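> Turn this into a structure:
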Amino acid sequence: MASSPDSSHSNLKELPVPHSQMRHENGQHLLESSSSEAPVREPPIPNLSKLLRGKGREWEAIKAKSRPLQLLDLPVDILRLIVKEVTHTNDLTSLALTNSTLYSLTVPHIYARFDIVWPDDTVPPSDSKNVDALTYGLATLCLGSKFAQRTRWLRGTSLGGQEASGRLVNNQYAKYTRKFSLGNGPKDWTSEYMVTKESGKMLGTLVAIAVGKMVNLETFIWDMPTGVLSEVFMALASLQDYYPGGESKLDKVWIRWHDNTDIPDASSSTGISSPLQPPPPQPLVPIVGTTVTPVGNTLPSDFQPTIPQPIKYSESHVEYPTFSVLPPLRSLTVLEIDEISYLDEMSVLIERSKSRLRELRVGISQKARASDFAQAWDNYALQQVDHDARWPGENRIGDKRLGGVLGVLVGRVYDIQRKSAKNQEKDPDGPSQEQDSFGSSTSHVPQPFTHADFATTSQAIPQSQWPPHVATTSSQSKHPYAGRKRLDGKLQLETLELERVPLSLQVCTRAIDWSVLTNLTILDCMFADNLWRILKKQFHPTPPAHGSSAGTPTQYHLALKQIHTDIPSNSLINFIKETLAPNSLEVLFLQDRRRVTVQAFKLDQVFKGAIKRHRASLKKLLLDSSDESGESRRWANWILTSEMVTYITSGRMPKLRELAAALDYKDWHPFLQRLPNIPQLRSLHITRIDGHIAGPKELAFQLVDIITLRPEIQLCYVGIGTKCFEILETRPSDRSNGSTMGLGGNHHGNGAIVIDMDDDNDDGSDADEETEDDDDANDNETNATPADLGDDMTEVSDDAESETDSLQESDPVGSAARFRLREILFYDDKVAIFKARHGRL
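As a prediction, the model looks like this:
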């Protein structure tokens, strides 16, 4: 882009010769035009004038320059596009120190992202008293122009009245920040910033001050489980004050909550940093003695909810306000929830964002999953949310909620449909039939799913036994919605990810528009098997009508492209096989790690019912049956058979880019031999290799050998067991001396293949900035066909010297590739199968 204005400028300066004159190459005289008028400069080229787009004045200034164009002579718009292509922060910093113009263009890119990434668990915590990068970065964002103006004045005074640099006058760097992210890290490191400690309070205050200045903030991520002060949420809410319409640019909020049960001594910053964690509870099963309805677990007919007394704000141990003050969002993620107050405030935000919300991720804490608020309940005396409460401390409906977690989240958008007490008294047999259909002890397929199936199955409760606030409301209104119109909205979600959330089937099927949902993740959620059965019945494909023309396709009603679950079942496989359109599923992550029964789910069912059905569309595939501890041999249940390895590497899955599975060592070498059939594969994770004794490094070198022989293979990231490697490729540009400098500093002959192993740098910090976008750009490239070696093998020269010369000349300059294998950490942010291997959000 930088060369096009220069060349255009040079062409325009040669225009004194009119078009009516011709210059002959053989030295002949110019043939002048018959017209005696003086030559006139032609107007700019029409195409160029169209490209100027109102920048004619800048172009005239460029043409007026007598010297050749330099970089800084280019228009600011061109310079801005050039700077945008610089991705490394160190390079941007060097540009900022070069020139004031480049400084003003690079500063917005330098401070566009504020990412704090913690070291690995293997790095010991530092005992030094140095200030960390987090504090330094927040200090830079918090110190505004007032501080800079004072500094400039002091510097001018110390310089004897000389004019100081004006660079610091406007150092409101926070206004350029579009993404603010605090990542999770080792507990020994992050525990020092717990919200109950002085350092955590100061961190929250600094973040609140900095966020309040980020007028262009789009993404806010707090993945560090230390707690978030309410001041931070108030700062996020204040961003809309900068815009006349009250709509800020904030689109995404990601919060991982802390454990409210661990409250160390707040008077000392050296409190307990790593409290003893109790053993994780066993996976929950439906409560014994209850039946399961589409709403949740039924309660006894004489159940009366406990009415809590309102508390003062000073008595609450939960931060307030939090989500209830945020502006409408497009993406909301809240993980490790252990208080119902968070759910109540999230319901307010979801109501405010119902027309804009596209991504919703919710996770319940492991410790809180047995709490009352984390269970899905069904009883006529229960409610979803308290519409009269001004803040969660005024909650008067208790912790047991109708529909559980999902019922609370959509409580201000959708009202769960229930039979009235009068209808229940008239039809006492109806509930028992529904209970049999969705009971936890039954395993047969339920009856056809209709609108009436959503009625509650609890017995009728006499009005005299209702709680006071329910009885009063019912006496004033003929319906159970307290004199208001029943809510019947739907969330237009494209991504729904749930972790440890008992599923309320009525909420899942009625409060979410499944026609637009493309990404579904269900991890450790009760009643997931019932969800697949209900979705299969409700969204069964519609065959062509009788009498329709030949070739009329079957109509499918779901748009799911990604499925991730850790509880595979026959219902899930049947749902994928019969409900989704063939070759429409792009991502399939199955982890059989939550099964409580001894009998394992067979991998053959997954392969026949799901993988072969969507072989032409699958891009990412993960199959893992290992448990969380990794100590047992449960992973051996899902080892790919020889037939499966042959099928995957046969070329029948042309879009497969990421693959994670366990192999038997007897199939390892056939897998290597057939690897050229899937050259588009970018990431590979061999979770386990049964029967292999040597380490993963040897296997990684074997992969590099295959790639060296077949360079069309695009494999870049390789995970083997707990080790991860990156394959780097470089092509030497200077071979004038017949030798090249290897990446390890060694000289090699022409066309040498160099494989280095960097054990010193295993954090991936110096890796090339390869992203998934770069990989996507090459998806449509034509794969190179293997050369026909038959003719070359038959042509044998009688002269050994000439044969050597021909071999050297056959390798053009710069054609041979050099590969470098480096051990790195798993790139969870770049490779989806690496991130999904943890089995959690």
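
> CA atoms for contacts and neighbours, from now on please.
OK.

> Okay, now the unreliable bits of the stretch 51-200 of the chain?
51-55, 120-131, 144-152, 155-171 (pLDDT under 70).

> can you pull out the helices in it?
For the stretch 51-200 of the chain, helices defined by DSSP state H, counting those that start in this stretch occupy the ranges 56-63, 76-84, 89-96, 100-110, 133-142, 145-158, 187-190, 198-211.

> outside of the fifth one, which residues touch it?
Read that as helix 133-142. Residues from elsewhere that reach helix 133-142 (Cα atoms under 8 Å, 6 or more residues apart in numbering): 116, 172-174, 203, 206-207, 209-210.

> Tell me the pLDDT of the nearest residue to residue 510 once chain neighbours are set aside.
With Cα to Cα, 6 or more residues apart in numbering as the criterion, residue 510 has its nearest non-adjacent residue at 7.2 Å, and that residue is residue 490. Looking at residue 490, its pLDDT is 93.

> Is it correct that residue 499 is in contact with residue 522?
Yes. Contact status for residue 499 versus residue 522: in contact at 6.3 Å, counting by Cα atoms under 8 Å.

> sorry, back to before: I'd say the residue nearest to residue 510 and residue 413 touch.
Yes. Judged on Cα under 8 Å, residue 490 makes contact with residue 413 at a distance of 7.1 Å.

> that older thread, for the residue nearest to residue 510, list the residues it contacts.
Here residue 490 is in contact with 354, 413-414, 510-513 (Cα under 8 Å, 6+ apart).

> Tell me which helix or strand comes right after the helix or strand where residue 622 lies.
When secondary structure is defined by DSSP states H and E, residue 622 falls within strand 620-624. For strand 620-624, the following helix or strand on the C-terminal side (DSSP H and E) is helix 642-648.

> Using CSV, list the CA coordinates for that following helix.
What follows is helix 642-648, C-alpha atoms only, in CSV (Å, rounded to 0.1, in the frame of the first residue of the first chain):
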residue,chain,number,x,y,z
SER,A,642,-7.8,-49.9,13.4
GLU,A,643,-10.9,-49.5,11.3
MET,A,644,-11.6,-46.1,12.9
VAL,A,645,-8.0,-44.9,12.3
THR,A,646,-8.3,-46.1,8.7
TYR,A,647,-11.6,-44.2,8.2
ILE,A,648,-10.4,-40.9,9.7
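
> follow-up on the earlier one: and the strand holding residue 622, which strands flank it?
Strand 620-624 has the following sheet partners, assigned by DSSP bridges: strand 587-591 (parallel), strand 658-664 (parallel).

> tell me the mean pLDDT for the longest one?
Mean pLDDT, computed over strand 658-664, is 95.

> Give the other helices and strands that the following helix or strand past that strand contacts.
Scanning forward in sequence from strand 658-664 by DSSP H and E, the next helix or strand is helix 668-673. Here helix 668-673 touches helix 696-709, going by 3 or more Cα pairs under 8 Å, 6 or more residues apart in numbering; DSSP states H and E.

> What strands line up against whatever helix or strand comes next after the helix it packs on, and which way round?
Under the assignment DSSP H and E, the closest C-terminal helix or strand after helix 696-709 is strand 717-720. Strand 717-720 pairs in its sheet with strand 683-690 (parallel), strand 723-730 (antiparallel), by DSSP bridges.

> What's the mean pLDDT across strand 717-720?
Rounded mean pLDDT across strand 717-720 is 95.

> residues in contact with residue 652?
Residues near residue 652 by Cα under 8 Å, 6+ apart: 615-616.

> Pretty sure it sits in a strand.
No. Looking at residue 652 with DSSP: H, G, I helix; E, B strand; the rest coil, it is coil, so not inside a strand.

> Relative to residue 611, how far out is it?
Per Cα to Cα, to the nearest Å, residue 652 is found 11 Å from residue 611.

> now swap in residue 368 and tell me
Plainly put, residue 368 is 36 Å away from residue 611 if you go by Cα to Cα.

> coming back round to it: quick one, phi/psi of the residue nearest to residue 510?
Backbone geometry at residue 490, expressed as degrees, to the nearest 10, gives phi -130, psi 140.

> now swap in the one 10 residues further on and tell me
With angles defined as degrees, to the nearest 10, residue 500 sits at phi 60, psi 40.

> residues in contact with it?
363-366, 369, 523-526 are the contacts of residue 500 under Cα under 8 Å, 6+ apart.

> How about residue 582?
For residue 582, the residues meeting the contact criterion (Cα under 8 Å, 6+ apart) are 613-614.

> gap between it and residue 116?
Residue 582 sits 42 Å away from residue 116, taking Cα to Cα as the criterion.

> Please apply the same query to residue 643.
Counting by Cα to Cα, the gap from residue 643 to residue 116 is 45 Å.

> Looking at those two, which has the bigger crowd around it?
The residue with more neighbours, out of residue 643 and residue 116, is residue 116; 17 against 9, by other Cα atoms under 10 Å.

> thinking again about what came up before, out of the contacts of helix 133-142, who's nearest residue 664?
residue 116 (39.8 Å; Cα to Cα).

> What sits closest to that closest one if chain neighbours are left out?
Excluding its sequence neighbours, the residue lying closest to residue 116 (Cα to Cα, 6+ apart) is residue 182, at 5.0 Å.

> Does that neighbour touch residue 221 like I think?
Yes. Because the distance of 6.1 Å satisfies Cα under 8 Å, residue 182 is recorded as touching residue 221.

> Tell me where the stretch 651-800 of the chain is predicted with low confidence.
731-800.

> scratch that, the stretch 401-550 of the chain
Under the criterion pLDDT under 70, the flagged ranges of the stretch 401-550 of the chain are 418-483.

> swap the cut-off to 90 and go again
For the stretch 401-550 of the chain, the stretches with pLDDT under 90 are 417-488, 543-550.

> Start from the N-terminal end of it and give the helices.
Under DSSP H, counting those that start in this stretch, the stretch 401-550 of the chain gives helices at 404-409, 421-426, 429-438, 468-476, 505-510, 528-538.

> re the thing from before, quick one: which of the contacts of residue 500 is most hemmed in?
Among these, residue 363 has more neighbours than the rest - 25 neighbours, counting by other Cα under 10 Å.

> what does whichever strand or helix holds it rub up against?
Taking DSSP H and E as the criterion, residue 363 maps to strand 359-364. Under the criterion Cα under 8 Å, 6+ apart, residues 330-338, 374, 493-501, 841 lie in contact with strand 359-364.
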